[in-house]
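K.L.:
quick one, fold the following:
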Amino acid sequence: MYTQIAKNTVNTHYWHQLKDGRIQCDLCPRFCKLHEQQRGLCFVRQNLNQQIVLTSYGRSSGFCIDPIEKKPLNHFYPGSSIFSFGTAGCNLACKFCQNWDISKSREMDSLMSQATPEAIAKAALNAGCKSVAYTYNDPVVFHEYAIDTAQYCKELGIQSVAVSAGYVCAQPRAEFYQYMDAANIDLKAFSEDFYHKITGSHLQSVLETLLYIKQETNVWLELTTLLIPGENDSEKELQEMTLWVVENLGPDVPMHFSAFHPDWKMRNIPRTPTATLLMARNIALANGVNYAYIGNAHDKAADSTYCHQCGELLIGRDWYQLSDWNLDKNGACLSCGTRCAGLFDSKPEQWGAKRQTMTMF
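P.N.:
Sure thing, here's the model as predicted:
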């Protein structure tokens, strides 16, 4: 567990002192170089007394119980409920941020709810949740809070799920994912130009995270791409992205293509047409991705899971509500016996589409 040095503040490991007296944060590839009292771009990591500290430990932007499919994870205990929380701040600068009121906030330090890692784990258990999600803002920036929570969760048999952009350095990445059971990584585009101009980051670091998770861990992995009209939705880019996924991560990594809505600093761009989402899904399937879905749009067929061998419907979904279930107790297709990639209970839970706000004391 990490050591608190003051209320809501803990020491961190990933930093070093520079010759000019500043401290460099080594958590993510942004490598913020900070003078005394200065905060990094993420806002929640600060140079305090010549060391980098996390200032949001034990503070959250809120707690909710969600369907696991909302993360989105379609192959990680479908139908189950997940206890979701996040903090403030983010280490990316996405102009299209859909959670900008949380990730870009500079006021939430005084507004956030209080909850220890142990309290979160116990609340999830008492609510009957199968897992806890580190989400809303990127758990990379509340690394220590997430890890301590995941350790308490493990003791209680609760799974841990990271919802992240994957922009993190190698050493903290390895520490973080040893405590995670599943992850949904935002593969925001497949061009360095997009990452640099629209998110203020770099594609290669994200690809390295994807390769690490798939090749070096047992973490269940799914991908999400928010398709923005005119920015990352060309057939060429989608072809390149999906071919890279199949070649480097394998055909069983599910891909989710979600609709953009005008927000934050990109309010002049229209919402993504459903036809674009379906085009992306079809490209992914044609290029060998076994499981491809659309999000933020209603299409029962494109939300459902099919056997990649015989084409039979395995899991029917209508928004977040499960209908059909044609898997045996081992997660295999009832028609042909081919196993569906993922982690499944013998019978699905039926949390459904409801979202339940939680109050922590």
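K.L.:
going forward, measure contacts between C-alpha atoms and count neighbours the same way
P.N.:
Will do.
K.L.:
hmm, W325 is touching G316, no?
P.N.:
Yes - look at W325 against G316 with C-alpha atoms under 8 Å: they come within range, at 6.7 Å.
K.L.:
who's more crowded, the two?
P.N.:
Using other C-alpha atoms under 10 Å, the more surrounded residue of W325 and G316 is G316, with 20 against 16.
K.L.:
pairing partners for the host helix or strand of the more buried one, with directions?
P.N.:
In this assignment (DSSP states H and E), G316 forms part of strand 313-318. Sheet pairing here is set by DSSP bridges, and for strand 313-318 it gives strand 305-306 (antiparallel), strand 321-325 (antiparallel).
K.L.:
who touches the last one?
P.N.:
Contacts made with strand 321-325 from outside it, assessed by C-alpha atoms under 8 Å, 6 or more residues apart in numbering, are listed as 79, 313-317, 348, 350-353.
K.L.:
same question for stretch 124-137.
P.N.:
Contacts for stretch 124-137 (C-alpha under 8 Å, 6+ apart): 65, 80-90, 99, 102-103, 121, 146, 153, 156, 158-164.
K.L.:
can we see that at 7 Å?
P.N.:
Stretch 124-137 has contacts (C-alpha atoms under 7 Å, 6 or more residues apart in numbering) with 80-90, 99, 102-103, 146, 158-163.
K.L.:
cool, and stretch 15-24?
P.N.:
Outside stretch 15-24, the residues touching it (C-alpha under 7 Å, 6+ apart) are 25-26, 31-35, 47, 50-52.
K.L.:
confidence score at the residue nearest to R355 when sequence neighbours are not counted?
P.N.:
Among residues not flanking R355 along the chain, D66 sits closest, at 5.0 Å (C-alpha to C-alpha, 6 or more residues apart in numbering). Looking at D66, its pLDDT is 96.
K.L.:
I'd assumed I82 was in contact with D66.
P.N.:
Yes - judged on C-alpha atoms under 7 Å, D66 makes contact with I82 at a distance of 5.3 Å.
K.L.:
more neighbours: the two, which one.
P.N.:
Counted by other C-alpha under 10 Å, D66 and I82 do not tie: I82 has more neighbours, with 28 against 24.
K.L.:
any idea how far L211 is from that one?
P.N.:
Distance, I82 to L211, using C-alpha to C-alpha, to the nearest Å: 26 Å.
K.L.:
and for A301?
P.N.:
30 Å.
K.L.:
next SSE downstream of the worst-scoring helix or strand of the chain on mean pLDDT?
P.N.:
Ranked by mean pLDDT, DSSP states H and E, the weakest helix or strand in the chain is helix 100-103, scoring a mean of 55. Following helix 100-103 in sequence order, the next helix or strand is strand 113-114 (DSSP H and E).
K.L.:
so what strands line up beside that following strand?
P.N.:
Each strand that pairs with strand 113-114, with its direction, by DSSP bridges: strand 59-60 (antiparallel).
K.L.:
which other residues reach the strand it pairs with?
P.N.:
8, 85-87, 112-115.
K.L.:
now it: how far from the chain's centre is it?
P.N.:
The chain centre lies 18 Å from the centre of strand 59-60; the measure is C-alpha atoms, centre = their mean, to the nearest Å.
K.L.:
now do stretch 157-166
P.N.:
So, by C-alpha atoms, centre = their mean, the centroid of stretch 157-166 is 7 Å from its chain's centroid.
K.L.:
ok, stretch 241-251 next?
P.N.:
19 Å.
K.L.:
show me what counts as buried in that stretch.
P.N.:
Neighbour-count burial for stretch 241-251 flags 241-243, 245-246, 249, 251 (criterion: 16 or more other C-alpha atoms under 10 Å).
K.L.:
about what we covered before: pull out the buried residues from the contacts of strand 321-325.
P.N.:
The buried subset of the contacts of strand 321-325 (16+ other C-alpha under 10 Å) comprises 79, 313-317, 348, 351-353.
K.L.:
quick one: which of the residues you listed is nearest to H261?
P.N.:
Distance to H261, by C-alpha to C-alpha, is smallest for A353 among the buried ones among the contacts of strand 321-325, at 20.7 Å.
K.L.:
so what's the closest one closest to, chain neighbours aside?
P.N.:
Y320 (4.7 Å).
K.L.:
hmm, that neighbour is touching I68, no?
P.N.:
No - using C-alpha under 7 Å as the test, Y320 is too far from I68 to be in contact (8.5 Å).
K.L.:
would you say Q309 is within a helix?
P.N.:
No - assessed with DSSP: H, G, I helix; E, B strand; the rest coil, Q309 is coil; it does not lie in a helix.
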